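Chemist: one predicted model, sequence on top.
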Amino acid sequence: MKIALIAHDKKKNEIIEIAKKYKDVLAEHELYATGTTGTLIMGETGLSIHRMKSGPLGGDQQIGAMLANGDINLIIFLRDPLTAQPHEPDVSALLRLCDVQSIPLATNGTSAVIMLEALKNKIYFK
């Protein structure tokens, strides 16, 4: 399964902690991430991650293109709903593509844990 990991700046520590907790689960899958998020997770976990550009520099769109082509199966995107994002149109497009393609999307830590627990227990999406 191909999993994308994305986090806004104020959510990076949270996605790192989730990745550390579910390192063994994530290691069984092919991982993709936006630039800084991927670098931080790799540094803390040693997981192999294909890094895209930073979100504001087109990383969200790169993952969106993969999603549109059927190359992503699950997205964990920890969003900061209280901070305006300069690339909000890209974020909205990515979320819309998840709905169009029926791709599971976790936008907060709790939903991410539920999805990773499902993967841990071999309950796969799509």
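Modeler: The structure has been received and is ready for your questions.

Chemist: list the buried residues for the longest helix along the chain?
Modeler: Assignment by DSSP state H gives helix 88-101 as the longest helix of the chain. Residues of helix 88-101 classed as buried: 90-91, 93-95, 97-98, 101 (neighbour count, 16 or more other C-beta atoms under 10 Å). In short, each C-beta sits where N, CA and C put it, glycine included.

Chemist: what do you get for stretch 107-125?
Modeler: For stretch 107-125, by 16+ other C-beta under 10 Å, it's 107, 109, 112-113, 115-116, 119.

Chemist: hang on, residue 77 in a strand?
Modeler: Yes - counting by DSSP: H, G, I helix; E, B strand; the rest coil, residue 77 is part of a strand.

Chemist: what's the burial count for it?
Modeler: 26 (other C-beta atoms under 10 Å).

Chemist: now do the one 5 residues further on
Modeler: Using other C-beta under 10 Å as the criterion, residue 82 is surrounded by 7 other residues.

Chemist: isn't there a strand covering it?
Modeler: No - using three-state DSSP, the secondary structure at residue 82 is coil, not a strand.

Chemist: roughly how far apart are it and residue 60?
Modeler: Distance, residue 82 to residue 60, by C-beta to C-beta, to the nearest Å: 19 Å.
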